[in-house]
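[1] I need the structure of the sequence given here:
(2 chains)
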Protein chains: 2
Amino acid sequence: MAPRADDRSTDPRVIRTREDVPRAAFRILVDEGADAVTHSRVAQVAGYSKATLYAHWPTRLDLVRATLDLMTDIRHAQVVGESRADLIGQTIGFGAMIREQKIDRALGAMAALIAAAPELAELRDRVAAEGERVMRSVLDDVADGDEREAAALMLNGAVLYAAMLHGSPPSDDMVATIVDVVLRGLGTSRN
Amino acid sequence: MAPRADDRSTDPRVIRTREDVPRAAFRILVDEGADAVTHSRVAQVAGYSKATLYAHWPTRLDLVRATLDLMTDIRHAQVVGESRADLIGQTIGFGAMIREQKIDRALGAMAALIAAAPELAELRDRVAAEGERVMRSVLDDVADGDEREAAALMLNGAVLYAAMLHGSPPSDDMVATIVDVVLRGLGTSRN
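    Numbers count the residues shown, from 1 in each chain, chains lettered A, B, ... in the order given. Got it, this is the predicted structure:
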């Protein structure tokens, strides 16, 4: 998708609009579900006119894309260079994102939006790639190939599953147990 | 919640209604999202009158509860008594449920419904308990306490995470890799 001219605008009002609106839309996505992300509802919550929203995001797909795009903006926990501590840090960090920003709800809504508009799958792939980026680089030191992939799925998966099926992400102690099982289990461990 | 009298009706028409309607509602939940599960929309899709639906499920919460309740009806893969094969079988089985019945979408919708009606959390707990029941009994042979819990979260989590963030559950080969990492990593292994 070619960026529209105003994507790179330096007009502070335009910049503010392009930050405020997706942020309001993201809260709506999380609190009211995917169907509620419409120009009308977002304009109301963000305090902009519908005309302004249509000027920046002409279609609902544009608006939804800008909303989901916020999920690629992830603050990863700092890496300290020790595999166990870093895997625990990254895994707890994902749990904290779920707790604070209800990312599990956003991911559920994203799945519903992709079902209706399969072209959004490309955005999901970017969310996953960015979400897993730091964890994968830490895993590079302790695993290769399929085992690295398995470890990334298990660590992130345990957090998402606990949040969605048990009502909250795993405790810090449980994350440490999970990381220890994974580290012991990696056959190609180079640590 | 005390069952209403007709929960135990032997009238075949009543029995059929109480099976048909939640099934139609579940398809709506998965295909159209949580908001679409209304008496009006479900009556239309299931081919019953709204009056009939209101007679059986007087409130929207009753209707939603009956819909989500279908998720506690799980066909688990057969257990053969060999831990590795059984963990692979249970994990692949969860992936197959996601693929065939779009259970990941139903779980996302369930999360949204719980956010609006926290009393539904009890149903989520039953879905989780029934979903994990057989896997936990298999894990009993290879792990205790927190490690058993960690293993259950990782095996189920890897499947849910791959479905939601990578677009499909892990391949059978990837499931085998995941199970092997977990089995090697369980410190209290009694196998």
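
[2] and the helix or strand bottoming out on mean pLDDT in chain A, what's buried?
    With mean pLDDT, DSSP states H and E as the measure, the helix or strand of chain A carrying the lowest mean pLDDT is helix A:103-116 (a mean of 90). Taking 16 or more other CB atoms under 10 Å in any protein chain shown as the basis for neighbour counts, the residues of helix A:103-116 that come out buried are A:103-115. C-betas here are computed from N, CA, C, even on glycine.

[3] just the CA atoms of it, as PDB, please.
    Listed in PDB are the C-alpha atoms of helix A:103-116, where the atom choice follows Å, rounded to 0.1, in the frame of the first residue of the first chain:
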ATOM      1  CA  ILE A 103      -3.400  -7.400  23.800                       C
ATOM      2  CA  ASP A 104      -5.200 -10.800  24.000                       C
ATOM      3  CA  ARG A 105      -8.500  -9.000  23.200                       C
ATOM      4  CA  ALA A 106      -6.800  -7.100  20.400                       C
ATOM      5  CA  LEU A 107      -5.500 -10.400  19.000                       C
ATOM      6  CA  GLY A 108      -8.900 -12.000  19.100                       C
ATOM      7  CA  ALA A 109     -10.400  -9.000  17.400                       C
ATOM      8  CA  MET A 110      -7.600  -9.100  14.800                       C
ATOM      9  CA  ALA A 111      -8.400 -12.700  14.000                       C
ATOM     10  CA  ALA A 112     -12.100 -11.700  13.400                       C
ATOM     11  CA  LEU A 113     -11.000  -8.800  11.200                       C
ATOM     12  CA  ILE A 114      -8.700 -11.100   9.100                       C
ATOM     13  CA  ALA A 115     -11.500 -13.500   8.600                       C
ATOM     14  CA  ALA A 116     -13.500 -10.700   7.000                       C
END
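
[4] in the very next helix or strand once past that helix, which residues are buried?
    Of the helices and strands lying after helix A:103-116 in sequence (DSSP states H and E), the nearest is helix A:121-139. Of the residues in helix A:121-139, A:Ala121, A:Leu123, A:Arg124, A:Val127, A:Ala128, A:Gly131, A:Glu132, A:Val134, A:Met135, A:Arg136, A:Val138, A:Leu139 count as buried by neighbour count, 16+ other CB under 10 Å.

[5] touching, the fourth one and A:Leu113? I think so.
    No: shown here, A:Val127 and A:Leu113 do not form a contact pair, counting by CB atoms under 8 Å, at 11.9 Å.

[6] what's the domain layout of chain A?
    Domain assignment for chain A, taken from automatic domain parsing, gives A:11-70, A:78-185.

[7] how far away from the center of its chain is the longest one?
    In other words, domain A:78-185. Here domain A:78-185 shows a centroid-to-chain-centroid distance of 10 Å under the convention CA atoms, centre = their mean, to the nearest Å.

[8] count of neighbours near A:Pro58?
    Residues near A:Pro58, counting by other CB atoms under 10 Å in any protein chain shown, number 12.

[9] could you report the distance from it to B:Val142?
    In this structure, A:Pro58 and B:Val142 are 56 Å apart, going by CB to CB, to the nearest Å.

[10] measure stretch A:38-56 end to end?
    The first and final residues of stretch A:38-56 sit 13 Å from each other (CA to CA, to the nearest Å).

[11] does chain B have contacts with that stretch?
    No: residues of stretch A:38-56 are not located near chain B by CB under 8 Å from any CB of the partner chain, the shortest gap being 12.5 Å.

[12] before we move on, the earlier item: mean neighbour count, the domains of chain A: which tops it?
    For these, the largest average neighbour count (mean count of other CB atoms under 10 Å in any protein chain shown) is found in domain A:78-185, namely a mean of 20.

[13] so what's the backbone phi/psi at A:Leu186?
    Note on A:Leu186: its backbone torsions stand at phi -70, psi 110 [degrees, to the nearest 10].

[14] likewise for A:Gln78?
    Residue torsions, per degrees, to the nearest 10, at A:Gln78 are phi -60, psi 140.

[15] then A:Ala117?
    Here is the backbone geometry of A:Ala117 (degrees, to the nearest 10): phi -140, psi 80.

[16] find the nearest non-adjacent residue to it, please.
    The spatial neighbour of A:Ala117 that comes closest, neighbours along the chain excluded (CB to CB, 6 or more residues apart in numbering or on different chains), is A:Leu61 at 5.9 Å.

[17] check which helix or strand that neighbour maps to.
    Assigned by DSSP H and E, A:Leu61 falls within helix A:60-69.

[18] which SSE is immediately downstream of that helix?
    Using DSSP H and E, the helix or strand that follows helix A:60-69 in sequence is helix A:83-101.

[19] touching that next one from outside, list them.
    In this structure, residues lying in contact with helix A:83-101 by CB atoms under 8 Å, 6 or more residues apart in numbering or on different chains are A:30, A:74, A:76-80, A:103-104, A:131, A:134-135, A:138-139, A:141-142, A:155-156, A:158-160, A:162-163, A:168-170, A:172, A:175-176, A:178-180, A:182-183, A:191.

[20] one more time with 6 Å
    Counting by CB atoms under 6 Å, 6 or more residues apart in numbering or on different chains, the neighbours of helix A:83-101 from elsewhere in the structure are A:77, A:79, A:103-104, A:134-135, A:138, A:141-142, A:155-156, A:159, A:163, A:169, A:172, A:175-176, A:179, A:191.

[21] between it and helix A:121-139, how big is the angle?
    Using axes from the mean of the first three to the mean of the last three CA atoms, to 10 degrees, the direction of helix A:83-101 lies 150 degrees away from that of helix A:121-139.
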